[in-house]
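Colleague: Pasting the sequence and the predicted model now:
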Amino acid sequence: MFSNSQKSRPTTYRMWQSPAISVLPAVLLLVTSAFAVEIWDKPPEQWTLADVYQILRDSPWSPSKHKFEIELSPASRSDPLTRMPSDSPLAPLDRGPALGAELGRGKPLPALTVQWWSSKTLRLAQQRLRQLRDATAAKELLRAEPAEDIVIVVEGSEPLRILRDAEENPRETSFLELPGGRMLDVRDVQFFEGEKAGEDYVAFHFPRELNGRPTIDRNAEKVVFHCKAAAKNAKPGRQNALSVRVAFEPRKMRVNGRPDL
């Protein structure tokens, strides 16, 4: 016989969780993120159309989601006294209100894009896009040789027209802003007019080395491309001036851990 104090009582079990077990999901998430494969780390032959568009529009080589400032202005010439439109090349430019655009995820692209064209990744993406769009090009070999210069490309028919007809030499009004406030001047500017719409672009060439040393640190946090121009022969109703500022991040321009500038 048991006394009242000795009667059996319901046993209560408490669930106990090890602190190590509770943090395990977070650790696994961090490990998974650390080893996540970027689109451009895959072989180019495996890139889908969505992959290609991301590389060309939203990647370290075409930074639409980073700081990207564009101004296209409807510049025209006007008489300094009457402020009336003038065709005289001596009349000053009246640029009027600027039309600004800032790119970001989910926002439409403006009339121009700026890309780090000397990277193999970007050029392979352009080739892959042609393969996916044209069945006759599907069997073409995807190949990109190392570029001799650092090349920044400004795409668009209006930028091509403005820069080719600029009042000042684009070599004098365009540069790369390097860390520490240093500037890298343009070596050459080349103009390309494509056979199809959307194939017009201007290529700005910068030296890859000076005095035997790399001009751009592959681990640099930011390199900014600057470009300004106004057309000598302003066209009514058209954009006749531009100002571009694009921030690139060389340290993120890597494929399978290797720099690709």
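Modeller: Happy to help now that I have it.
Colleague: Mind giving me the packing neighbours of the lengthiest helix in the chain?
Modeller: Determined from DSSP state H, the single longest helix within the chain is helix 120-133. For helix 120-133, the packing partners by 3 or more CB pairs under 8 Å, 6 or more residues apart in numbering; DSSP states H and E come out as helix 49-57. To be clear about C-beta, it is placed using only N, CA and C from the backbone, and glycine gets the same treatment.
Colleague: what angle do the helix it packs on and helix 120-133 make?
Modeller: With axes from the mean of the first three to the mean of the last three CA atoms, to 10 degrees applied, the angle from helix 49-57 to helix 120-133 works out at 140 degrees.
Colleague: Mind listing residues that contact helix 49-57?
Modeller: 39-40, 42, 47, 61-62, 64, 109, 113, 115, 121-122, 125-126, 128-129, 132 (CB atoms under 8 Å, 6 or more residues apart in numbering).
Colleague: avg pLDDT for the longest helix of the chain?
Modeller: For helix 120-133, the mean per-residue pLDDT is 94.
Colleague: May I have it as PDB, with CA atoms only?
Modeller: Only the C-alpha atoms of helix 120-133 are listed here, as PDB (Å, rounded to 0.1, in the frame of the first residue of the first chain):
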ATOM      1  CA  LYS A 120      35.500  37.200 -71.800                       C
ATOM      2  CA  THR A 121      32.200  36.600 -70.000                       C
ATOM      3  CA  LEU A 122      30.400  39.500 -71.600                       C
ATOM      4  CA  ARG A 123      31.600  38.600 -75.100                       C
ATOM      5  CA  LEU A 124      30.700  34.900 -74.700                       C
ATOM      6  CA  ALA A 125      27.300  36.000 -73.500                       C
ATOM      7  CA  GLN A 126      26.800  38.000 -76.700                       C
ATOM      8  CA  GLN A 127      27.800  35.000 -78.800                       C
ATOM      9  CA  ARG A 128      25.500  32.700 -76.800                       C
ATOM     10  CA  LEU A 129      22.700  35.100 -77.300                       C
ATOM     11  CA  ARG A 130      23.200  34.900 -81.100                       C
ATOM     12  CA  GLN A 131      23.200  31.100 -80.800                       C
ATOM     13  CA  LEU A 132      19.900  31.100 -78.900                       C
ATOM     14  CA  ARG A 133      18.200  33.500 -81.300                       C
END
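Colleague: count of residues packed around Asp187?
Modeller: Just so we're on the same page, residue 187 is Arg rather than Asp. By other CB atoms under 10 Å, the residues close to Arg187 number 15.
Colleague: before we move on, which element is the nearest residue to it once chain neighbours are set aside in?
Modeller: Sequence neighbours aside, His205 is the residue nearest to Arg187 in space, at 4.7 Å (criterion: CB to CB, 6 or more residues apart in numbering). Using DSSP states H and E, His205 maps to strand 201-206.
Colleague: Quick check: can you name the pairing partners of the very next helix or strand once past that strand and their directions?
Modeller: For strand 201-206, the following helix or strand on the C-terminal side (DSSP H and E) is strand 209-210. Using DSSP bridges, strand 209-210 pairs in its sheet with strand 213-214 (antiparallel).
Colleague: Just the residues contacting the partner strand, thanks.
Modeller: Contacts of strand 213-214 (CB under 8 Å, 6+ apart): Arg208.
Colleague: packing partners for the strand or helix carrying Cys227?
Modeller: Assigned by DSSP H and E, Cys227 belongs to strand 223-230. When contacts are defined as 3+ CB pairs under 8 Å, 6+ apart, strand 223-230 packs onto helix 157-164, helix 170-173, strand 174-177, strand 241-248.
Colleague: and of these, who's closest to Arg143?
Modeller: Closest approach to Arg143 among these (CB to CB): strand 241-248, 24.1 Å.
Colleague: For the helix or strand following the closest one, which helices and strands make contact with it?
Modeller: Next helix or strand after strand 241-248 toward the C-terminus (DSSP H and E): strand 254-255. Taking 3+ CB pairs under 8 Å, 6+ apart as contact, there are no helices or strands that strand 254-255 lies on.
Colleague: List of residues touching the next helix or strand after strand 254-255?
Modeller: Using DSSP H and E, the helix or strand that follows strand 254-255 in sequence is strand 258-259. Contact partners of strand 258-259, identified using CB under 8 Å, 6+ apart, comprise 218, 250, 253.
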